[in-house]
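[1] sharing a model that was predicted from the sequence below.
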4 protein chains.
Amino acid sequence: MQYNVAVVGAGGYTGVELIKILLDHPHFNLAYLSSSQGGEEISDLYPALKGVFSYKLKKTDVKEIADTCDLAFLALPHKNAMEVAKPLLDLGVKVVDLSADYRLRLENYEAFYTRHSDNEHLKEAVYGLVEIYKDEIQKARLIANPGCYPTATLLALIPFLPYIESRHSLIIDAKSGVSGAGKKCSQKTHYVSINENIFAYNPLKHRHAIEIKEKLELLGKEIYHINFVPHLLPLTRGMLVSIYAQLQTDIDPLEVLEDFYANEEFIRIKREPVDVKSVAGTHFCDIYAQKHGNTLFISSAIDNLLRGASSQAVANANLMMGLDASIAMPKIAAIP
Amino acid sequence: MQYNVAVVGAGGYTGVELIKILLDHPHFNLAYLSSSQGGEEISDLYPALKGVFSYKLKKTDVKEIADTCDLAFLALPHKNAMEVAKPLLDLGVKVVDLSADYRLRLENYEAFYTRHSDNEHLKEAVYGLVEIYKDEIQKARLIANPGCYPTATLLALIPFLPYIESRHSLIIDAKSGVSGAGKKCSQKTHYVSINENIFAYNPLKHRHAIEIKEKLELLGKEIYHINFVPHLLPLTRGMLVSIYAQLQTDIDPLEVLEDFYANEEFIRIKREPVDVKSVAGTHFCDIYAQKHGNTLFISSAIDNLLRGASSQAVANANLMMGLDASIAMPKIAAIP
Amino acid sequence: MQYNVAVVGAGGYTGVELIKILLDHPHFNLAYLSSSQGGEEISDLYPALKGVFSYKLKKTDVKEIADTCDLAFLALPHKNAMEVAKPLLDLGVKVVDLSADYRLRLENYEAFYTRHSDNEHLKEAVYGLVEIYKDEIQKARLIANPGCYPTATLLALIPFLPYIESRHSLIIDAKSGVSGAGKKCSQKTHYVSINENIFAYNPLKHRHAIEIKEKLELLGKEIYHINFVPHLLPLTRGMLVSIYAQLQTDIDPLEVLEDFYANEEFIRIKREPVDVKSVAGTHFCDIYAQKHGNTLFISSAIDNLLRGASSQAVANANLMMGLDASIAMPKIAAIP
Amino acid sequence: MQYNVAVVGAGGYTGVELIKILLDHPHFNLAYLSSSQGGEEISDLYPALKGVFSYKLKKTDVKEIADTCDLAFLALPHKNAMEVAKPLLDLGVKVVDLSADYRLRLENYEAFYTRHSDNEHLKEAVYGLVEIYKDEIQKARLIANPGCYPTATLLALIPFLPYIESRHSLIIDAKSGVSGAGKKCSQKTHYVSINENIFAYNPLKHRHAIEIKEKLELLGKEIYHINFVPHLLPLTRGMLVSIYAQLQTDIDPLEVLEDFYANEEFIRIKREPVDVKSVAGTHFCDIYAQKHGNTLFISSAIDNLLRGASSQAVANANLMMGLDASIAMPKIAAIP
């Protein structure tokens, strides 16, 4: 089976990661690539692609996508994404949206982002956390691809939901590489600012906190006090999330993880603390856990651009097309 | 007033930082430098010192130190330190020990390190957290210079002790640059292993946790559940500590900090999250705090080799000699 | 066609890169992996391989290799390599040696390395610069896989040999990432030493200079004064070589390169200066050239562990087995 | 003696380095700081200065500078600099200009930069290479502070001028940290672009080549073929320049250097290859040289923001005011 797919917003970091994965995908053809302006040769934007892949980006045209593609990946800023998703869905194209536009309930979205202009499709969007919502994803027309921080957090936390106290404050201390801040340059992403540096940003106020909270509630666990503090790190890609929760049951943390993910190829339970370099370049989520009295410490690591964005998006698309989620998922890290 | 001082263990990272500070000290003369072997020219070990300072390290000889020096800085591994401190004190030399040997009560020391061979002086040792124990330090003969993690943690936490719950678990998520691991090379400090990487190490088991716990108790606050997780970061120097505690009183965190440290030149309360680059190369401890419901988040940054070791050691020595603690303290960070 | 291959010395950086390539090779089976000690689980040495590949390294046994394998890759230090290559060849196993042992004529080898213990096979060894010696490689039993610096230098320089002056000094100013120094840790590869640093090492005396000189002579061009200065850089992988030569003919440098490599998929001639990030993770060698008066400047970039070692080794093995050199060659860089 | 000085363009990297040096200067008072907009608090621009130095930048006003200051440092882009320098000089203020505006003869300046609007003062400007033009600098009203690349190159090359061939092409392969590209952010200085990367930029065309050529001619040595290739490196500060020249005389390179700079405190001749970390944070220029046949290799290292800009500027100002050049020059590197 062969499907034509589009990457809308191909010029950004998650766009190029989609391209890199799709180039080797046995069932998906890169049939349409676009940017807001159009006209850029992708191998000029990313010279590493010279001799590997050449394509002159089109100016995004939903009609043209609908004429040629079965599914579109939207690697766009929030707000732009729903403006493209809506007509695509109406024209029968399946959509994996990498932005925040379909991740939250209307009231949460509008409280933390902006006015929502596609409430109709918002209702049917499935949250694309692959291991957790496999069945729903297989039937979905529209996937809200999870944020990088929520992915690393939820995959680590969900196995423990039955065992942790709801009323005790949950701490999520997250550390992200600079690629998570996107391709646009600013004082914060200037080499001189972040090299040899680390700092928290938007502590306790980052929009990914509400995404985590809402998804936990959806799974039947209301955690009342979620404290989420992201940090920016001097490394290009990779994300490490340290979670601290209070146990209400005496469990063996590694056993809980190993049981929960026994059949999941791309979740690795580690018996030593995880590191980001072992997952960078892959779809793996590595998780380690340990307890100290009743305090549970979980450490999870992902590649923010892959499992935290583009490889998870392709895994979702695989499921939507009736394929195995693991097809084309990168497994071999960029070590040493 | 001029005093002769010794640096014992001058070849390591904290040793050379001591030298760099003492070179510009108006009241201390670098009268004696030694290493375990002896014989190395310090400017061969650190070519950056060529043309600045030349000295052939002696083989440590306590008698010789006592003959020439008023005070000795011990930049030695634990266990070695007390073997040198003991005879020095007996010979009337004041000692600032940068190791862990005099930081803990006997039972804690022996539980986490090794057998203690100088229990007598252990009893009189003063914990050299400058802003907190100024009076005791001024009268002390023996200073236990605090560890880097405890320094960044305690300075951030102490102002809040009256306001935080004792029975709620305290989370200390710490991030350290590689120089904290010392000059000896290992797979962990190999450039290829830590560049583009981050990982927790000794989570919940690091020996600095007991130092934090004991010192909080000393200040009259027993915190029952201290969870301390250090991480190693791809940067040379600097340390960021994120602390999460539960408030039992409704306070304004920044106001608490500003009041507590109103007269302290080297503690800066920041109204934005702190970063390590702003303190690297200085004696400053920068602290930021914010609350979210009852959860208190504190972020503190220090230079692990200066405020976390060598500049704090010199500040202690200043006080021990009746000088102002701030003399020779480095203030200007290595930015940009 | 399926062939069984061995990786001898699997625990080092080039060993694990061989494994990563061979895991996806459609015609080679990883049948035998060994180390000098034996007994290590490869996914303990490289936790990134957990869930991808598991193998308990054997203690190298040439008889066992000969019983099971058609070809062996030797990722060993020089001297060790020939001790293993010799019996393997005698037992009929083809060998790709990644060390220096078979790269040089006897007198050069013994002048720059050590006494040679396998002069017999040395005579038949083919220098595995894939694009240049394709025919010889296809017939070879023993390949001397080129060094990283010579690979980047020779591929850049060979197209210009007819046009450059022999008696004018040739300058090769090379810059290498730290992985080129190998897995063993030392003060030089300590993160604290090389981060935020750069320096020349072994200037004008590095052993790769004689390899470059000898290979140019083999191609009929004696260059009398080769000046080779390698530098160590604060990055993990990648190598940039800047070459300065004197032209004796008026040429268009980019045209010369484009003509020479017109049919080579893995040599990319760039119209802008090359960068290492565009080749890191791939088998590509990117080359740029420009002239200024009669001075020719060539800049070439490779991944030191792939094109400079392991992917070139596999390309050689492909040819030796009658396969297309490009099979399993990594093309997609680890950008962004 | 006390002098009031101004820093015009205080917000950039060289501006803040000037401030850091001047804060500790025993004879200069930071009397006036300005930016093009004015209004910024300097410790908001550089939070590391909080608690160290506070100043609200003025909007540059030459009249006001002339009323309050004896000397002004101009840390401005070229073209802007001469627009400020001209009226300042006319009003009797001495000027150290860190831009390129007064570095070149008119025809060279206009060929490589833009039209010159202050030809009159251009004629009297002294090139501020401290060790070489001490006498002229002492009498000067206007100093053209040398560029970073020319500083590292000329200091290394000048001692060898009597011994190198004029007609043989001279190679200057330079490597600079990212701070050399300034504070403005761009794709090139984005952390993700330059981390784990290195590349040449403007090879053979960089404007610093003409500065080197012209200054060598001024010293009586016409070198016909200067080939200058700068590279951008993944480190914040520091610059390493590798120079390759042809000797016409049989000399001992280290002896030549040691003789030439026998009385210069801030030029260190090293017997091992130099590294940038040993000079970062200081005014030192470290130089090493070696020959290979007739080819001379010189390696020199400076801090691009200090010796390559701001500390050299202050050394010039010291001389202009009749002070010792070494006053307030930073000597202690930011090692480890």
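    Yep, it's here. Residues are numbered from 1 along each chain as shown, chains lettered A, B, ... in the order given.
[2] let me see the contact set for residue A:242.
    Contact analysis of residue A:242 by CB atoms under 8 Å, 6 or more residues apart in numbering or on different chains lists A:171, A:172, A:173, A:174, A:175, A:297, A:298, A:299, B:173, B:200, B:229, B:231. All C-beta atoms are positioned from the backbone trio N, CA, C, and that covers glycine.
[3] narrow those residues to those in helices?
    Among the contacts of residue A:242, none falls in helices (DSSP state H).
[4] can you lay out those as TSV showing pLDDT, distance to residue B:292 and neighbour count?
    Listed next are those as TSV, based on pLDDT from 0 to 100; distance: CB to CB, whole Å; neighbours: other CB atoms under 10 Å in any protein chain shown:
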residue	pLDDT	distance to residue B:292	neighbour count
A:171	98	10	26
A:172	98	12	27
A:173	98	13	28
A:174	98	15	24
A:175	98	19	27
A:297	98	20	24
A:298	98	20	25
A:299	98	22	26
B:173	98	15	28
B:200	98	23	25
B:229	98	20	26
B:231	98	22	24
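[5] give me every residue in chain A lying close to chain C.
    Applying CB under 8 Å from any CB of the partner chain, one finds that chain A approaches chain C through A:13, A:16-17, A:20, A:23-24, A:46-48, A:50-52, A:179, A:183, A:196, A:236-237, A:265, A:268, A:270, A:272, A:275, A:277-279, A:281-282, A:284, A:305, A:331-336.
[6] buried ones from those, can you make that a ChimeraX selection?
    To isolate the buried ones among the residues of chain A next to chain C in ChimeraX, judged by 16 or more other CB atoms under 10 Å in any protein chain shown, type:
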select /A:13,16,17,20,46,47,48,50,51,52,179,183,196,236,237,265,268,270,275,277,278,279,281,282,284,305,331,332,333,334,335,336
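[7] quick one, helices of chain A?
    According to DSSP H, the helices that chain A contains are A:13-22, A:42-45, A:62-68, A:80-90, A:106-112, A:119-124, A:134-139, A:148-157, A:191-194, A:208-218, A:253-260, A:311-320.
[8] ok and the last one relative to helix A:148-157, angle-wise?
    I take that to be helix A:311-320. Counting by axes from the mean of the first three to the mean of the last three CA atoms, to 10 degrees, helix A:311-320 lies at 70 degrees to helix A:148-157.
[9] which strands and helices lie in contact with helix A:311-320?
    Judged by 3 or more CB pairs under 8 Å, 6 or more residues apart in numbering or on different chains; DSSP states H and E, the packing partners of helix A:311-320 are helix A:13-22, strand A:71-74, strand A:94-97, helix A:134-139, strand A:142-144.
[10] and of the ones you listed, who's closest to chain D?
    With respect to chain D, and counting by CB to the nearest CB, the nearest of the helices and strands packed on helix A:311-320 is helix A:13-22 at 7.5 Å.
[11] the closest one near chain B at all?
    No. Counting by CB under 8 Å from any CB, chain B is not contacted by helix A:13-22; separation bottoms out at 15.8 Å.
[12] which other residues reach that helix?
    Under CB under 8 Å, 6+ apart, the answer for helix A:13-22 is A:5, A:7, A:9-10, A:28, A:30, A:33, A:42, A:45-46, A:49, A:53, A:73, A:75, A:98, A:179, A:182-183, A:305-306, A:309-311, A:313-314, A:328-330, C:332, C:335-336, D:192.
[13] so where's the stretch 201-336 of chain A shaky on pLDDT?
    Judged by pLDDT under 70, the stretch 201-336 of chain A has no weakly predicted residues.
[14] want to throw the contacts of residue A:242 into TSV with distance to residue B:254?
    Formatted as TSV, those follow (distance: CB to CB, whole Å):
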residue	distance to residue B:254
A:171	20
A:172	23
A:173	20
A:174	23
A:175	24
A:297	28
A:298	30
A:299	30
B:173	21
B:200	29
B:229	25
B:231	26
